[in-house]
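A.B. asks: below are the sequence and a predicted model; questions follow.
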Amino acid sequence: MVWIGEGHPHETIAVPGVALADGDVLVAVEMSTICGSDVHTVQGRRHAPTPLVLGHESVGRVIATGDAGATTVDGTSLRIGDRVVWSVTVSCAHCDRCTQGMPQKCRTLGKYGHDRVGAHGDLTGAFASHVQLREGTAIVRVPEALPASVLAPASCATATAWAAVARAARDRDLDGAAVRVHGAGLVGLSAAAIAAEQGATVEVLDPNVDRRAFAGLFGATALDRDPDVVIEASGHAVRQALDGVAVGGTVVLVGSVFPAEPVPLDAESIVRRLVTVAGIHNYTGTDLAEAVAFLAGRGRAYPFGDAVGAVRSLLDVDAALVEAAAPGAPLRVGLVPGH
């Protein structure tokens, strides 16, 4: 399903054949979910080149590989029939950023659901029946038993949340820590559950009463002291995050890539309180693998599958995008080819 620009419906195109390079993988999509950035793109709030196949949260099954085959993040060879998730980014693995542990900022970065159709073939986004995964994509094999509604968001929301919590854990042991999360979207809820499983007491703040209540199912409770860690996952509470963290604490900004008003920085307060401010955008292949391991393990205790509140046919993508943008929308709307 090709998006050709704001105010225009998606167009259906058929791709009769795909030429796979040596390290490429062809995946049949099982389910994709609509992320906030997809909504922002079609609303004109986020620049994107057109024509474009949107979508970067998916789970699918390997149906073909290039002549050289392909491997997962853990180094094992992919086989036809493997059920997988994959990174939103395509990285070279050789530039200075990749070798310094920032593959999501590769000098020659590609992004599924963000790159114009044609530059790297037609199957470049997840709102499609198939996706062509290029060499340099982090691919993770996933359990057959986990629902697609749990796995599809792993390649954006869950992996980003894992990266945010991991960044906070670099500064202090989360066992016994007080953690505040701003935003009860799927990234925020995922971060809450991940931090809670690492021993933190977690509070989730959100103006939406229903989402605050839902956060209780992801380990959220109330804090009785200033938080040691604040994870800002809404994009709209940066000032509160910076002002509310304890002396010596860490603020991890995640949601600020979405359109939001600039926030003045009180540098003196940051300095005097010994506050660390870190930014997280996307994630590494290791983060994706760890996120999947969490969902397959201790994450089973949390209702991740309930985040996908509706599942629509891929052909109904325009109506599904409207549904995902509406007030009171579910955390995710799923798209299924042939549904």
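C.D. replies: On my side now, so go ahead. Given the structure is predicted, the values throughout are model-derived calculations rather than measurements.
A.B. asks: residue ranges of each domain in the chain, please.
C.D. replies: Domain ranges of the chain: 25-155+303-336, 158-279, per automatic domain parsing.
A.B. asks: centre of the chain to stretch 115-135, how far?
C.D. replies: Relative to the centre of its chain, stretch 115-135 is centred 18 Å away, using Cα atoms, centre = their mean, to the nearest Å.
A.B. asks: try stretch 54-72
C.D. replies: Taking mean C-alpha positions (Cα atoms, centre = their mean), stretch 54-72 and its chain are 18 Å apart.
A.B. asks: swap in stretch 76-94?
C.D. replies: Per Cα atoms, centre = their mean, the displacement of stretch 76-94 from the mean C-alpha position of its chain is 16 Å.
A.B. asks: stretch 230-243 too?
C.D. replies: 18 Å.
A.B. asks: list the buried residues for that stretch?
C.D. replies: Going by neighbour count (16 or more other Cβ atoms under 10 Å), the buried part of stretch 230-243 is 230-238, 240-242. Glycine gets a C-beta too; all of them are placed from N, C-alpha and C.
A.B. asks: name the nearest of those residues relative to residue 336.
C.D. replies: residue 233 (27.0 Å; Cβ to Cβ).
A.B. asks: mind listing what the closest one touches?
C.D. replies: The contact partners of residue 233, taken as Cβ atoms under 8 Å, 6 or more residues apart in numbering, are 161, 164, 181-183, 185, 187-188, 191, 254-255.
A.B. asks: repeat for residue 169
C.D. replies: For residue 169, the contacting residues are residue 198, by Cβ under 8 Å, 6+ apart.
A.B. asks: quick one: it from residue 250, how far?
C.D. replies: Distance of residue 169 to residue 250, given as Cβ to Cβ, to the nearest Å: 9 Å.
A.B. asks: go on, residue 31?
C.D. replies: 35 Å.
A.B. asks: same check on residue 72?
C.D. replies: 31 Å.
A.B. asks: neighbour count for these two, which is higher?
C.D. replies: Using other Cβ atoms under 10 Å as the criterion, residue 72 and residue 250 rank with residue 250 on top: 23 against 17.
A.B. asks: which residues does the more buried one bridge with?
C.D. replies: Counting by DSSP bridges, residue 250 is bridged to residue 229, residue 276.
A.B. asks: ok, it to residue 6 distance?
C.D. replies: 38 Å.
A.B. asks: over to residue 231?
C.D. replies: 32 Å.
A.B. asks: contact partners for the most centrally placed residue in the chain?
C.D. replies: Geometric centre of the chain, nearest residue: residue 156, 1.3 Å, by Cα atoms, centre = their mean. Each residue near residue 156 by Cβ under 8 Å, 6+ apart is listed here: 35, 56-57, 88.
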